[in-house]
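Peer 1: whatever this is, show me its structure:
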Amino acid sequence: MELLLTLDRRGGAGATPLHAQVEQQLRERIRDGRLRPGTRLPATRELAQQLAVSRGVVVEAYAQLTAEGYLATRRGAGTAVAAAPRT
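Peer 2: So this is what the prediction gives:
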């Protein structure tokens, strides 16, 4: 699955960190229904490669969204949109 996220890499003072940009875009897609409950997301390594970022950026984004209830993770089953994500 390709998520087609767009990252602003300009950096500098006041720039939004890459992990926060990934979080924001995934959160928006879940809230507006483009990513439905049960939809499996790419593995962290795969998404990191697609976005040309370190795996840590994706791991941090997934972890935050999991903590917020948007994503559910299961060892061996990957990461998916939670059954009842917050809106």
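
Peer 1: alpha carbons only for contacts and neighbour counts from here, please
Peer 2: Noted.

Peer 1: which stretches in the protein count as strands?
Peer 2: Listed in chain order, the strands of the chain (DSSP state E) span 71-74, 78-81.

Peer 1: okay, the residue nearest to residue 48 when sequence neighbours are not counted: pLDDT?
Peer 2: Setting aside the residues directly before and after it, residue 48 is nearest to residue 55 in space (Cα to Cα, 6 or more residues apart in numbering), at 5.1 Å. The per-residue pLDDT reported for residue 55 equals 98.

Peer 1: try residue 66
Peer 2: Here, the pLDDT recorded for residue 66 equals 97.

Peer 1: ditto for residue 86
Peer 2: On pLDDT, residue 86 comes in at 55.

Peer 1: next: residue 4.
Peer 2: Looking at residue 4, the pLDDT reads 88.

Peer 1: tally of neighbours for it?
Peer 2: Residue 4: 10 surrounding residues under other Cα atoms under 10 Å.

Peer 1: who's in contact with it?
Peer 2: Counting by Cα atoms under 8 Å, 6 or more residues apart in numbering, residue 4 touches no other residue.

Peer 1: if you set the cut-off to 10 Å instead, what comes out?
Peer 2: By Cα atoms under 10 Å, 6 or more residues apart in numbering, residue 4 lies in contact with 25, 47, 50, 51.
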